[in-house]
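A.B. asks: Pasting a predicted model and its sequence here:
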Amino acid sequence: MSVNQAGNTVSGRLFILSGPSGVGKDTILARAERLVPDLRRIVTVVTRPRRDSERPDVDYHFWSRDEFERGCQRGAFLESAEYVGNLYGTPRDGVVEAFRAKCDALLKIDVRGFRQVTREHAGAVSVFLLPPSIDVLERHLRTARPGDGREDIERRLAAARTELSAASEYTYRIVNEEGNPDFAAFRLARIISDERARSAPRLVTLRT
Ligand code: 5GP
C-alpha cells in the first residue's frame, strides 16, 4: 500500500526487479503478482520491434525512437537506458498513477536503470534475479527464442555477464533454480510482504 499523499507529491513503495535477459523475470513476476495484492507493474516504453508473443501496452509500450527522444526531453521517464541498440524507459506517470491508486510500483529494469533510480530515490527496494549458472542462462537464451539471431543472443550474453557482477548492489538476490519458478516467485512475494510489514517503511516520493 502507498501512503503520504500530500500536496504536489505522492509516495509509495518502489520495487525494482533486475536480472539478465533470459533469466525468467517475466515468469517469476507473473506468478508473484498472483500472490501479492496492490502491486502494479509499470509497463516499459521501448523502441525495439514487438515480438510475436508480446501484447502492446501490456508487455511493453512500443514507441518510435523519435517519440522516445521527445519523451526524454519533456522528462517523461524516471530512468532510461539503451540496451543492445534499443531504448527502454520507465514512464514516470505510470509510477505516479500507481502511488495515487495506493498501490506499490514494480519496475522490471536493467542494471543501469536500477542505478539511475536508486541514485535519486534511495528508498527503492531492489531484487536481482540470478540464474543457477551462466551455462543455464545461455541454454535458455538459445532455446527460448529460436527466432532471435545468433548475434543478438551473443550480445545478450555479453550484457548478462556484466549485469551479473552488479548483483551485490541490490537489496535482495534470488536464484531462479531450474524447474522451480514457484519457489523464486514465492521468495519475491515474501520480500514484498516483508517490506510492507516494516515499521520504518522504505518509501519513494515523486512530484506530481
Ligand atoms: P527484452 O528486450 O529482452 O524484453 O529486455 C531487455 C532488457 O531490458 C532486460 O534486461 C530488461 O530488464 C531491460 N528493461 C526492460 N524494461 C526496462 C526499462 O524500463 N528500463 C531499463 N533501463 N531496462 C529495461
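C.D. replies: Cool, the structure landed. What you see is a predicted model, and the numbers here were worked out from it, not measured in a lab. Numbering: from 1, shown residues only.
A.B. asks: Am I right that E177 is in a helix?
C.D. replies: No: under the criterion used here (DSSP: H, G, I helix; E, B strand; the rest coil), E177 is coil, not part of a helix.
A.B. asks: I figured it hits P132, correct?
C.D. replies: Yes: the pair E177 / P132 is scored as a contact, 5.7 Å apart, by C-beta atoms under 8 Å. C-beta: built from backbone N, CA, C; applies to glycine.
A.B. asks: who's in contact with the helix or strand hosting T205?
C.D. replies: Secondary structure assigned from DSSP states H and E places T205 in strand 204-207. Contacting residues not belonging to strand 204-207 are listed as 4, 8-14, 78, 92, 95-96, 99, 121, 123-124 [C-beta atoms under 8 Å, 6 or more residues apart in numbering].
A.B. asks: Grab the nearest non-local neighbour of E69.
C.D. replies: L87 (8.0 Å; C-beta to C-beta, 6 or more residues apart in numbering).
A.B. asks: Report the secondary structure state of the one you found.
C.D. replies: strand.
A.B. asks: Quick one: neighbours of it, just the number.
C.D. replies: 19 (other C-beta atoms under 10 Å).
A.B. asks: got the contact list for T162?
C.D. replies: So T162 contacts V111 (C-beta under 8 Å, 6+ apart).
A.B. asks: What strand or helix carries it?
C.D. replies: helix 150-164.
A.B. asks: quick one: buried residues of that helix?
C.D. replies: 153, 155-157, 159-160, 163-164 (16 or more other C-beta atoms under 10 Å).
A.B. asks: Beta-bridge partners for the nearest residue to V43 once chain neighbours are set aside, please?
C.D. replies: Of all residues not flanking V43 in the chain, H61 sits nearest, at 5.7 Å (C-beta to C-beta, 6+ apart). In this entry, H61 is beta-bridged to V45, by DSSP bridges.
A.B. asks: Could you pull up the residues touching H61?
C.D. replies: 43-46, 91.
A.B. asks: distance of it from A81?
C.D. replies: Between H61 and A81 the computed distance is 16 Å (C-beta to C-beta, to the nearest Å).
A.B. asks: now P49
C.D. replies: 18 Å.
A.B. asks: the more surrounded of these two?
C.D. replies: The residue with more neighbours, out of P49 and A81, is A81; 18 against 8, by other C-beta under 10 Å.
A.B. asks: Remind me which helix or strand the more buried one belongs to.
C.D. replies: Using DSSP H and E, A81 falls in strand 77-83.
A.B. asks: quick one, that strand and helix 150-164 angle?
C.D. replies: Put simply, strand 77-83 runs at 130 degrees to helix 150-164, going by axes from the mean of the first three to the mean of the last three C-alpha atoms, to 10 degrees.
A.B. asks: what mean pLDDT does stretch 133-153 have?
C.D. replies: Mean per-residue pLDDT for stretch 133-153: 84.
A.B. asks: Alpha carbons only: can I get it in CSV?
C.D. replies: Extracted in CSV, the C-alpha atoms of stretch 133-153 (Å, rounded to 0.1, in the frame of the first residue of the first chain):
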residue,chain,number,x,y,z
SER,A,133,24.7,-20.7,-13.7
ILE,A,134,25.8,-18.9,-16.8
ASP,A,135,25.5,-22.1,-18.8
VAL,A,136,21.8,-22.5,-17.8
LEU,A,137,21.2,-18.9,-18.9
GLU,A,138,23.0,-19.5,-22.2
ARG,A,139,20.8,-22.5,-22.9
HIS,A,140,17.6,-20.6,-22.1
LEU,A,141,18.6,-17.8,-24.4
ARG,A,142,19.4,-20.2,-27.2
THR,A,143,16.2,-22.3,-26.9
ALA,A,144,13.6,-19.9,-25.6
ARG,A,145,13.7,-17.5,-28.5
PRO,A,146,14.7,-19.5,-31.6
GLY,A,147,13.7,-16.5,-33.7
ASP,A,148,16.4,-14.3,-32.3
GLY,A,149,19.6,-14.0,-34.4
ARG,A,150,22.8,-15.5,-33.2
GLU,A,151,24.4,-12.1,-32.9
ASP,A,152,21.5,-10.8,-30.7
ILE,A,153,22.0,-13.8,-28.4
